[in-house]
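Trainee: Next input, structure requested:
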Amino acid sequence: MNIDLLLRAPIALVPVLLFLAVLVQLDAYKLLRLRRVLALVGAGGLAAGAGYFVNSYAYRHFAGDFTAYSRFVSPWIEESLKAALLVYLIRTRRVGLSIDAGIAGFAIGTGFGLIENLYYLASRPDAALPVQVIRGFGTAIMHGGTGTVMGMISVALYERRPNGGAHLLLPGFLVAVALHSGFNYLLVKPAVATLATLVVLPLVVYLVFRESERNLRAWLDTDLDAKVRLLESINTGTFLDSPAGRYLRTLRERFRGEALADMLCCLRLNGELALRAKGVLLLRESGLEEPALDAETREKLAELAQLERALGKSGTLALRPLMIATGKDIWQLTLLGR
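Mentor: Predicted coordinates for the structure are as follows:
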């Protein structure tokens with residue numbers, strides 16, 4: 001790597017890292033720790049390395065020219081590699097809100113864009129500095145932006161159907177491919193492509209982040225009240241007279257009395273753990289240090305998992321309308337477990 005490349009690379013690459021830092025700062029709840037963000041940047045870089053080999057192989061078997069390939073083939077390959085990382089994060093509930101999914105997607109895209117730009121700078125050392133900077137910055141923002149859009153759309157769909165299949169990731173993936181292809185189509189004029197990307201994607205990401213944060217705050221307030229009322233009704237013995245209790249009584253014909261007792265214990269533990277998770281988020285929002293996971297909370301998590309195993313799949317599914325209504329309900333327990 002020559003000295004000229006070392007001097008040019010930061011000019012093209014640093015701005016996108018600054019944008020990623022802004023997104024992390026926008027997250028008042030600190031849903032993704034810095035260590036995980038950096039790990040996702042590294043994972044995006046590895047995906048870019050894999051993309052180089054896959055694209056090289058695919059291009060050798062492509063009948064058209066490079067311009068057509070970059071517009072109609074490479075976006076599918078590169079967004080698939082980024083999507084694979086997002087699938088893992090979403091399906092394992094390591095992200096569960098639009099905010100952390102957006103940051104994760106941008107971090108993956110940032111890593112992808114950084115490696116791609118380093119390759120571009122190294123392979124075209126004679127290109128004018130303004131062209132390298134504009135193209136490099138625009139490409140990095142594009143990769144980060146498509147990752148953000150893909151993550152946010154996918155999590156929003158999983159929020160409505162928390163037990164849905166992998167097909168819920170398809171709409172976000174198709175939007176990301178379309179944006180990527182559109183950017184590559186404009187690359188004949190790098191300044192236009194970068195300007196369009198810089199005007200549209202950051203603005204959209206910022207507005208969605210702010211709306212997602214308001215929705216998260218509203219969910220915290222409403223669900224906090226609902227969980228408190230649920231626990232009060234269980235502890236005072238009035239739960240069976242509530243709508244949720246009447247639903248539970250309708251299950252008597254399908255399950256034994258011991259199973260119904262386990263279901264009630266599941267509801268109590270789920271409510272207590274949900275309150276604990278919301279407390280963690282409120283502490284983070286206030287900038288206060290959250291307490292370490294105590295032994296009692298670990299025991300409750302273990303007991304809840306044991307009760308769910310005892311109830312089996314049918315019992316857990318029957319209880320799910322009372323315990324898990326949205327993807328956030330599943331994610332918040334995963335947050336505690338981490």
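Trainee: roughly how far apart are Ala156 and Met323?
Mentor: To Met323, Ala156 is 21 Å away according to Cβ to Cβ, to the nearest Å. For every residue, glycine as well, the C-beta is placed using N, CA and C.
Trainee: Could you do Leu186 as well?
Mentor: Using Cβ to Cβ, one obtains 48 Å as the distance from Leu186 to Met323.
Trainee: between the two, who's got more neighbours?
Mentor: Relative neighbour count places Met323 above the other of Leu186 and Met323, with 21 against 18, counting by other Cβ atoms under 10 Å.
Trainee: Might one say that the more buried one is in contact with Cys265?
Mentor: No. Counting by Cβ atoms under 8 Å, Met323 stays clear of Cys265, with 11.5 Å between them.
Trainee: Please tell me how far Gly172 sits from Leu317.
Mentor: According to Cβ to Cβ, Gly172 and Leu317 sit 27 Å apart.
Trainee: which intervals of the stretch 101-250 of the chain have sub-threshold pLDDT?
Mentor: When the per-residue scores of the stretch 101-250 of the chain are filtered using pLDDT under 70, the ranges that remain are 125, 127-135, 163, 188.
Trainee: mind listing the helices in it by residue range?
Mentor: With DSSP state H, counting those that start in this stretch as the definition, the stretch 101-250 of the chain shows helices at residue ranges 129-160, 170-186, 190-236, 243-249.
Trainee: Now do the first one: distance to the chain's middle.
Mentor: Helix 129-160 has its average C-alpha position 13 Å from the chain's average C-alpha position, going by Cα atoms, centre = their mean, to the nearest Å.
Trainee: buried sites along it?
Mentor: Of all the residues in helix 129-160, those buried under the rule 16 or more other Cβ atoms under 10 Å are 132-159.
Trainee: now do the second one
Mentor: Buried residues in helix 170-186, counted by 16+ other Cβ under 10 Å: 172-173, 175-177, 179-184, 186.
Trainee: which residues touch the nearest residue in space to Gly96 that is not next to it in sequence?
Mentor: The spatial neighbour of Gly96 that comes closest, neighbours along the chain excluded (Cβ to Cβ, 6 or more residues apart in numbering), is Trp331 at 2.5 Å. Going by Cβ atoms under 8 Å, 6 or more residues apart in numbering, Trp331 touches 93, 95-97.
Trainee: now do Gly172
Mentor: Under the criterion of Cβ under 8 Å, 6+ apart, the contact list for Gly172 reads 83, 149-154, 157.
Trainee: change it to 7 Å
Mentor: With contacts defined as Cβ atoms under 7 Å, 6 or more residues apart in numbering, Gly172 is in contact with 149-150, 153-154.
Trainee: how deep is Gly337 tucked in, by neighbour count?
Mentor: Residues within reach of Gly337, counting by other Cβ under 10 Å, total 14.
Trainee: Might one say that it is in contact with Lys300?
Mentor: No. With contact defined as Cβ atoms under 7 Å, Gly337 and Lys300 do not form a contacting pair (10.9 Å).
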